[in-house]
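>>> Build the 3D model from these lines:
(one chain, ligands or ions: 1)
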Amino acid sequence: MKKSLSFLPVLILLVCPFIVPAIYHADASPQLVDYIFCNGNIITIDETNPLVQAIAINDGLIVGLGSTDAILQNFVTENETTYDLNGRTIMPGIIDGHSHYMASLFWIGETETIYDSQTIALANGYTTLNEKSIDIGEFEWIQEAEQNGTLRLRVNAFLIYNFAWLEDNETVLVDAWEPDVIPVLDHDRKFRVPGFKIYLDGASGNRGFPAMSDPYTQEMVDLWGIINPYGDLYFNQSELNSVVDSLHDRGFSVAVHAMGDRATETILNAIEYALNGTDNDNARHQIEHNSFIREDQIAKALSLNTIHSVRGYFPTYWQQDYADLYSTVWLERTVNRYSLPGEGLHTYLETDFGFLHGYDEDDWSRSSNIRPFLHMWGLVTRKAIDENGTIHSPDPWLAKHEISVEQALRMMTIEGAYAVKQENYIGSLEVGKYADLIVIDDDPLTMGVDDLKDINVLLTMVYGKIEFLWQSHTFPTPYTSGTSRTTSALWIVLLTLSSLIVVRSRRRI
Ligand SMILES: [Zn+2]
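Numbering: from 1, shown residues only. Model (predicted):
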């Protein structure tokens, strides 16, 4: 009996180091918050505070970032919502700068409810979609979802201005919008309307072809059935000037589909005309695709501070076809898009994802695949997987203009936010910003780049709410030592005392 009691002072001495800080911090009572994630690798995309271990979230907002110790001292949760990341990575939620996700859901919407159908985007880590062409039916459907609380991620709608094809060589305007429609830029709303989408040139087939400053070769004309050898431009310069100027004056950003360099020329001129000497930092006009962009146009883009989309995934398995068909000049122009992030221009990721053209989750060859980390892999390695599963590496002409993982991360997060005037609210993890984040199962900054495409999303949080959780995965586990140093010290004292009681009571028997 005496022998067992003699352990007590020893045990008290052992727990003393825990008790002292607990007492010391007792008057600075920790703030009760909704969630804490600790013991992790948190990529903030905030240059002033790039990597932290722990994050505290309350009422939709990030309220604390720092070391695990600091966060656990200052914040506390109820209901076991302090999660142990066990070294896993958190990054801002993915922002797709050019998607057709919600629009395509509307057209297949009969089969699923809008709430459930957003799960695929959430499971892939998207927290914001910048939808590049929303019609009136889609608009009302998304607006209704926002109003009845079933919109689970942020949607920035760019309203469709004209259709993506020509009739009798004329573009067809969309007249559904009220003439007094105005931008919706409230940051606390999930559904916002920052701009209009304008289709300026063709894409392929029945949409006509990208508008070029020099003609398609006879071989291409024959092969693809091209009618206009310079491609198809939907607005001439003066028409586009007046369209962009008018939307600019109404406070809309324009997002303009421009694939060929003649289209890029026309829209750069129109943006210059509308800006009239002011900076695009206020207007945020943006150019979609940039599939053939010239060096002189990059210089002009830099002077105007225009924003540009860049497709992540290039169909590298077709590189020999491109090399056979295109001149060296055209090859240079088509790969120039990948130089844009390195030039210091604002560039964001476009996946161009939509369900309408058939969706096969296992078809990793699609250049408009939904998987953001497949696009990241494409940006960083310029590799691609063909339909048979073979991985193709880029030839030197395509491998030029390498993009770093850091640049790709910015394109997928903060730059997508910048394009919709939300860089102070989402796109990075900073105190005061909305808690839009994902937990992933590897660290893109330290892992081998060839494995980037295989990163899995374990959890997706939008506006401080867990909207997706990989159910079969072991994550998340509650932080086992309790919710703060104070409670862990108390637990140690209680456990010690109870074990002594157990020992004593056993000895009595
Ligand atoms: Zn598109």
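
>>> can you list the domain ranges for the protein.
2-91+470-508, 94-195+253-258+289-426 (automatic domain parsing).

>>> Span of the longest one from start to end?
Put plainly, it is domain 94-195+253-258+289-426. End-to-end distance of domain 94-195+253-258+289-426: 10 Å, with CA to CA, to the nearest Å as the criterion.

>>> what does stretch 56-73 give?
Stretch 56-73: ends 11 Å apart by CA to CA.

>>> Quick check: Leu452 is in a helix.
Yes. With DSSP: H, G, I helix; E, B strand; the rest coil as the criterion, Leu452 is part of a helix.

>>> mind listing the helices for the stretch 1-150 of the chain?
2-5, 7-24, 68-74, 101-107, 114-117, 119-123, 136-147 (DSSP state H, counting those that start in this stretch).

>>> Tell me where the stretch 1-150 of the chain is predicted with low confidence.
In the predicted model, the stretch 1-150 of the chain carries pLDDT under 70 at residues 1-27, 110-112.

>>> rerun that using 90 as the cut-off
Applying pLDDT under 90 to the stretch 1-150 of the chain picks out residues 1-28, 79, 105-117.

>>> do the stretch 151-300 of the chain as well
169, 179-180, 204-206.

>>> what ranges do the helices span in it?
Using DSSP H, counting those that start in this stretch, helices in the stretch 151-300 of the chain cover 218-224, 237-249, 261-275, 280-283, 295-304.

>>> Which of those sits closest to Trp470?
helix 280-283 (38.7 Å; CB to CB). Just so you know, the C-beta spots here come from the backbone N, C-alpha and C atoms, and that holds for glycine as well.

>>> how far does the closest one sit from the chain's center?
Mean C-alpha position of helix 280-283 versus that of the full chain (CA atoms, centre = their mean, to the nearest Å) differs by 21 Å.

>>> Pull out the buried positions in that helix.
Neighbour-count burial for helix 280-283, counted by 16 or more other CB atoms under 10 Å, picks out Asn280, Ala283.

>>> So which elements touch it?
Contact here means 3 or more CB pairs under 8 Å, 6 or more residues apart in numbering; DSSP states H and E; on that basis helix 280-283 packs against helix 261-275.

>>> Pull the helix it packs on out as PDB, backbone CA atoms only.
Only the C-alpha atoms of helix 261-275 are listed here, as PDB (Å, rounded to 0.1, in the frame of the first residue of the first chain):
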ATOM      1  CA  ASP A 261      -3.900  35.400 -82.900                       C
ATOM      2  CA  ARG A 262      -6.200  37.600 -85.100                       C
ATOM      3  CA  ALA A 263      -8.900  37.200 -82.400                       C
ATOM      4  CA  THR A 264      -6.300  38.000 -79.700                       C
ATOM      5  CA  GLU A 265      -5.300  41.100 -81.600                       C
ATOM      6  CA  THR A 266      -8.900  42.300 -81.900                       C
ATOM      7  CA  ILE A 267      -9.700  41.800 -78.200                       C
ATOM      8  CA  LEU A 268      -6.500  43.400 -77.000                       C
ATOM      9  CA  ASN A 269      -7.400  46.400 -79.100                       C
ATOM     10  CA  ALA A 270     -10.900  46.500 -77.800                       C
ATOM     11  CA  ILE A 271      -9.800  46.200 -74.200                       C
ATOM     12  CA  GLU A 272      -7.300  49.000 -74.800                       C
ATOM     13  CA  TYR A 273     -10.100  51.100 -76.200                       C
ATOM     14  CA  ALA A 274     -12.500  50.400 -73.300                       C
ATOM     15  CA  LEU A 275      -9.800  51.000 -70.600                       C
END
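
>>> List the buried residues in it.
261-275.

>>> Identify the residue nearest Leu181 in space, chain neighbours excluded?
In this structure residue 181 is Val, not Leu. Leu159 (7.3 Å; CB to CB, 6 or more residues apart in numbering).

>>> Identify the bridge partners of that neighbour.
Ile134, Phe196 (DSSP bridges).

>>> if I pick it, what's in contact with it?
Contacts for Leu159 were tallied using CB atoms under 8 Å, 6 or more residues apart in numbering; they are Ser133, Ile134, Asp135, Phe139, Val174, Trp177, Val181, Val193, Gly195, Phe196, Lys197.

>>> swap the cut-off to 10 Å and go again
131, 133-136, 138-139, 174, 176-177, 181, 183, 193-197, 247, 252, 255 (CB atoms under 10 Å, 6 or more residues apart in numbering).
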